[in-house]
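Novice: coordinates only, sequence not included:
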């Protein structure tokens, strides 16, 4: 035993280097994918661009196109791949793109429940597509929304074969070596639901081990996987396992179609399974502003396609037709099932995107700007935003939150009184659960007894509950909420308090004393270092350019700011200078211009850059509605590409004609023309019901700009190639070269215009 | 069929991935030793997020790891600040359970370590647990290699004194 304390300290290392896990490279991908985005129209890097778009024209005039999923950084994965054969060219065989549904998990108070999500994936057959999609796990957006997967490593499971109506899933020796720990009941539920979603599959068997393998079944009750030899040890083994084996993972109001965050056109037949007393299921479709677009209560029929009715209030199937509505864009579908009375025992809400009604005619598809939320008048109510405890967001500090007057049944006559009424109501549903949480310090049950405004002073009379409970911090906090809410109105500078009609300046058992009248002065400790006053938290009354203002007490008076879109991509980044800094609070204001294809919920993020290492500190984030471009004529992203195609030496006439037609169609989003260029065999070539035109329309609506990419790609230098396939011309030319270094200098210059780094 | 041949990832991404692959375990370890394994993944992810955003400012090897330790140190400090604030507020919860003990060591050693100032403790631990040299420590905490060597020596002496019960 050594006596040098330093050596003893070394030996007391709580996390020795040998115990460290390897670097989780998926996290690196997320960091690169989530934060590295640049302005629209430019691809963030060569690797992304490789996966993002490439057009290939066959010598005979046929063409192929790769359009990757935006955000993918895997260069080796070309993303969505589809060939288009023309009469004169044989398309190279390509794995078809298959639309499928994978079941992810969502945690609830009573354990995880299944959530179906839509997927497009290249695979040789439907069952492999479904399993691969499941093994890929949630997207970043789904993860953010709380969806997760319990699937093991991707190469540990595969489809062995389909036997009649049963899918046989092979479990590798490597997985067996974990003694099934890598395959918990919820993972088995995901597999069974995902595969039995396919037409013609009712059950799933497992083949344990590589090679010959042993059949495996699922023990009812414990939901363990066991080999056939051990079946006799258990009273019930489901072999094959079915949806009923895993009924415990179904939410009581289960929406199966549409999938979570799906793209739907109206009218739409929604369906699902519920377990509701009285078999009633209520469905509500709400627009992006939360207003109800459609609501219906449907009667479910006891029993499902995969289970008999076991008596009253068993699993029941429901169907509901959502009619055509004059609405496009983001919406939510909520399904509710009921208990013995009217109480709701389960409620599931899925986001979805409603596509414009009807297909293809170019006159309607060019106006894909979402209707978006109405822009009502809003009032600010000051609540508290808590620290999120995992990031650089300290708290709780005051935050101005937006309440919309659109919910009022009568016209707004007294804004100050209305703001006070809302303030006493506390946070909107869901805000308390958001991260960071939004909360109020005002005790529940506090009533507004009176409010008068005269000579710049508001006199507010509150019921006795206002002063009940809480320490001095809570007392000052609730006073500040009232003062800030009222003094936000231009004609109010100070606030006098009455409690049950009695003028009061000393509050609570600990004697919190305030000025008479009270002003915003003196509540500085309840303000964050960077306070955003406009736009409000959750505000939708925002313009373009977005006016952002607030107060700050930060190092060198510099407030760093960013505007992000719905996907968290940075639209604008910069800073504002406050009128005072490093120890005193000053005002700051800035106008942020932005352009977005559709209305969407984005966020304004303000922070103080750490003087030491530039990291974000004192971060404030306000979700706000951003206004999409209101210019239907230019809604086609391809329209931003200037007209005119450069000459390509040696390009045959047929290929040149196809290129011209493609370019013209891409610039105007002429879906009909594109559709005719795709040829009549499109659907069979793809082996999928999904129409590429629909895919593009969807991407256009989502602002992914597929037509911009297609048109811009065709303007780039081209190269002739006959490597590994038919003779063809490829755009951009770089794809015809083995590495960036071998791309000719002249081409490189042109390519640098779209690749920001290489 | 590979008509599209993947080309090299952009230089930035490649550099970042390299850096991540090489240094993530060390940064995770640093975080785990100070805030426990539960929060360590978050601290490491945040540290590398800062590095990705400021990639051009990240020094080349061999100075990369000390720079990352410096960022991780700030991330940990921020995390602890917000934790303490949360604990002060949630008085009920604080009463129920104290913060997770991130470090378990002999009581006498822990007591001696607690008698040191925070900066002395940090320098000692960077040397003892992360195995940094004085010049690397200098880069992490922002002082010259000489100053770091002197401060490390003093910290070791004070630890020894504290063990003897002399301070």
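Specialist: Arrived safely, thanks for sending. Small disclaimer: the values here were computed from a predicted structure and weren't measured.

Novice: The closest residue to chain B within the stretch 101-250 of chain A: neighbouring residues, count only.
Specialist: Among the residues of the stretch 101-250 of chain A, residue A:122 lies closest to chain B, at 11.4 Å counting by CB to the nearest CB. Quick note: C-beta positions are derived from backbone N, CA and C, even for glycine. Counted by other CB atoms under 10 Å in any protein chain shown, the residues lying close to residue A:122 total 19.

Novice: do residue A:397 as well
Specialist: For residue A:397, the count of nearby residues is 22 (other CB under 10 Å).

Novice: returning to that earlier point: and the residue of the stretch 101-250 of chain A closest to chain B, backbone torsions?
Specialist: Backbone geometry at residue A:122, expressed as degrees, to the nearest 10, gives phi -80, psi 130.

Novice: so it touches residue A:100, yeah?
Specialist: No - using CB atoms under 8 Å, residue A:122 makes no contact with residue A:100, being 11.0 Å away.

Novice: Overlap in contacts, those two.
Specialist: residue A:129 (CB atoms under 8 Å, 6 or more residues apart in numbering or on different chains).

Novice: What score does residue A:337 have for pLDDT?
Specialist: Looking at residue A:337, its pLDDT is 84.

Novice: Grab the nearest non-local neighbour of it.
Specialist: Sequence neighbours aside, residue A:276 is the residue nearest to residue A:337 in space, at 3.5 Å (criterion: CB to CB, 6 or more residues apart in numbering or on different chains).

Novice: which SS class is residue A:489?
Specialist: When classified by DSSP: H, G, I helix; E, B strand; the rest coil, residue A:489 comes out as coil.

Novice: isn't it right next to residue A:415, touching?
Specialist: Yes - the criterion here is CB under 8 Å, and residue A:489 meets it with residue A:415 at 6.7 Å.

Novice: got the contact list for residue A:102?
Specialist: Listed by CB under 8 Å, 6+ apart, the contact set of residue A:102 reads A:116, A:117, A:119, A:130, A:133, A:134, A:136, A:190, A:194.

Novice: Which element, helix or strand, includes the first one?
Specialist: Right, the one you point to is residue A:116. Under the criterion of DSSP states H and E, residue A:116 resides in strand A:111-122.

Novice: Could you do the fourth one as well?
Specialist: Under the assignment given by DSSP H and E, the secondary-structure element containing residue A:130 is helix A:126-136.

Novice: Could you identify the helix or strand that succeeds the lowest-mean-pLDDT helix or strand in chain B?
Specialist: One helix or strand of chain B scores below all others by mean pLDDT, DSSP states H and E: helix B:91-96, with a mean of 43. Where DSSP H and E defines the elements, the next helix or strand beyond helix B:91-96 is helix B:107-114.

Novice: need the next SSE after that following helix, C-terminal direction.
Specialist: By DSSP H and E, the next helix or strand past helix B:107-114 is helix B:118-128.

Novice: does chain A sit close to that next one?
Specialist: Yes - Helix B:118-128 lies within reach of chain A by CB under 8 Å from any CB of the partner chain, at B:124, B:125, B:127, B:128.

Novice: Kindly indicate which of the residues you listed lies nearest residue A:592.
Specialist: Closest approach to residue A:592 among the residues of helix B:118-128 next to chain A (CB to CB): residue B:125, at 43.2 Å.

Novice: can you tell me which residues contact that closest one?
Specialist: A:9, B:33, B:34.

Novice: how about the nearest residue to the second one, chain neighbours excluded?
Specialist: Going back to what we said before, that points to residue B:33. Excluding the flanking residues, the one nearest residue B:33 by CB to CB, 6+ apart is residue A:15, at 4.9 Å.

Novice: so how many other residues sit close to the one you found?
Specialist: 20.

Novice: my guess is it contacts residue B:32, does it?
Specialist: Yes - with contact defined as CB under 8 Å, residue A:15 reaches residue B:32; the gap is 4.2 Å.

Novice: Quick check: neighbours shared by the two?
Specialist: By CB under 8 Å, 6+ apart, no residue touches both residue A:15 and residue B:32.

Novice: what bits of chain B have low per-residue confidence?
Specialist: B:1-10, B:81-105, B:166-167 (pLDDT under 70).
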